[in-house]
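Visitor: task: produce atomic coordinates for the following.
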Amino acid sequence: MTRARDNADLGDSYGALGAGVTGGSGLTALASNVDLSEIHCSTMFDLDTTHTGDAYVSGWSKMDTTGLGGAGSSVTTSGNNFLFPTTGVYKVDSVFKITNVVGNQDNQCNVQTIVSIDAGSTDNHKFMGTVSWNQDPIESGGAYKSVSTSFLVNCSDTTNIVVKVTTASFGSASLAHGDAATPATWISFTRISNHRT
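Guide: Prediction:
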């Protein structure tokens, strides 16, 4: 008997691992008992209508038309809040197309993607993206810039930990561009692992 056989209980033959070890029927049992949709899931939303002023952003629609969409359980919306379907670590990415109207120029526009730990009552963690116009020339038809944010949320409580988006320093000159046909402002949620303590 070789040293390898002496040091490891690999079943009755070298070519097959015992069930429940790391192979054979043990892997089949694992697959049948784990909901893979809860391990990795992703959802994308686009802003259908243009947003104005300093306020929480609403009017999001799930991107689920042909060729677009997500996988697994979906993040949902309730009022201004994005709700997680299950606990876990999520990567949150957003892009906002900001329009500055001809003849009315704001110096800057801020977009804040917010994590709340009390169901949206408090803006606990803010991730800010800023468009700075300074004295950039505003061409005929207006000027357009994009701002993005990207961060991780460790969701341990699907009732109280939510995400929402707000705008700040938006004067009458500035708009967050919404377009259902051609998404210019969007946010996505991708679950990348189980909740970490």
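
Visitor: can you report phi and psi for the nearest residue in space to residue 45 that is not next to it in sequence?
Guide: Take residue 45 and drop its neighbours on the chain: the residue closest to it by C-beta to C-beta, 6 or more residues apart in numbering is residue 60, 4.2 Å away. C-beta: built from backbone N, CA, C; applies to glycine. When read as degrees, to the nearest 10, the backbone of residue 60 gives phi -80, psi 140.

Visitor: partner residues bridging residue 60?
Guide: Per DSSP bridges, the residues bridged to residue 60 are residue 47.

Visitor: what is the burial count for it?
Guide: 20 (other C-beta atoms under 10 Å).

Visitor: tell me the domain ranges of the chain?
Guide: 1-34, 40-193 (automatic domain parsing).

Visitor: weakest of the ones you listed in terms of mean pLDDT?
Guide: Note on the domains of the chain: domain 1-34 shows the lowest mean pLDDT, a mean of 51.

Visitor: can you map out the strands along this structure?
Guide: For the chain, the strands defined by DSSP state E cover 42-47, 51-52, 60-62, 76-78, 81-83, 88-100, 108-116, 125-132, 143-155, 162-168, 174-176, 186-193.

Visitor: what's the angle from the first one to strand 186-193?
Guide: The directions of strand 42-47 and strand 186-193 differ by 170 degrees, with axes from the mean of the first three to the mean of the last three C-alpha atoms, to 10 degrees as the criterion.

Visitor: helices or strands up against strand 42-47?
Guide: strand 60-62, strand 186-193 (3 or more C-beta pairs under 8 Å, 6 or more residues apart in numbering; DSSP states H and E).

Visitor: can you list those strands in CSV and add distance to residue 73?
Guide: What follows is these, written out as CSV (distance: least, C-beta to C-beta, whole Å):
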stretch, distance to residue 73
strand 60-62, 12
strand 186-193, 8
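
Visitor: so for residue 111, which of the ones you listed sits nearest?
Guide: Among those, the nearest to residue 111 by C-beta to C-beta is strand 186-193 (10.4 Å).

Visitor: thought residue 118 was touching residue 159?
Guide: No - if you go by C-beta atoms under 8 Å, residue 118 and residue 159 don't touch, sitting 9.7 Å apart.

Visitor: more crowded one of these two?
Guide: For residue 118 and residue 159, the more surrounded residue by other C-beta under 10 Å is residue 118, and the numbers stand at 13 against 9.

Visitor: residue 163 versus the nearest residue to residue 193 once chain neighbours are set aside, what's the distance?
Guide: Nearest non-adjacent residue to residue 193, counting by C-beta to C-beta, 6+ apart: residue 89, 4.6 Å away. With distances taken as C-beta to C-beta, to the nearest Å, residue 89 is found 13 Å from residue 163.
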